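Colleague: Predicted model, plus sequence, below.
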Amino acid sequence: MHLRAPSIAPGVKAFVWAIVFALYIWLFLRGIRISQATSFILAAVFGALIFLFVRVFGEDEPARSQATRSRRRLP
């Protein structure tokens, strides 16, 4: 029996990263006494930027399987 993690779409992963970091930024800004509106706007903007960054650059190329490598060697 081979157990592996479930497949999660890259957009969902990017959204989760964006929400987590936006919340972290919002809490940090509230902690240093930035106003509620300003901290929310900055967190939302940085959350959107984080989403785009992770969506575009966050996915590794899958490794080629052994079968694909052996098929390439054949003429």
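Modeller: Structure's in. What do you need? Numbers count the residues shown, from 1 in each chain.
Colleague: what's the pLDDT at Met1?
Modeller: On the pLDDT scale, Met1 is placed at 72.
Colleague: now swap in Gly58 and tell me
Modeller: In this prediction Gly58 is given a pLDDT of 83.
Colleague: Excluding chain neighbours, what is closest to it?
Modeller: Nearest residue to Gly58, sequence neighbours excluded (Cβ to Cβ, 6 or more residues apart in numbering): Ala14, at 6.1 Å. Every residue, glycine included, has its C-beta placed from N, CA and C.
Colleague: quick one: average confidence on stretch 11-29?
Modeller: Stretch 11-29 comes out at a mean pLDDT of 96.
Colleague: what about that stretch, distance to the chain center?
Modeller: The chain centroid and the centroid of stretch 11-29 are separated by 9 Å under Cα atoms, centre = their mean, to the nearest Å.
Colleague: Which residues belonging to that stretch are considered buried?
Modeller: 14-15, 17-18, 21-22, 25-26, 29 (16 or more other Cβ atoms under 10 Å).
Colleague: so where does the residue nearest to Gly58 fall, helix or strand?
Modeller: helix 10-31 (DSSP states H and E).
Colleague: Equivalent analysis for Ile8, please.
Modeller: Short version, using DSSP H and E: Ile8 is in no helix or strand.
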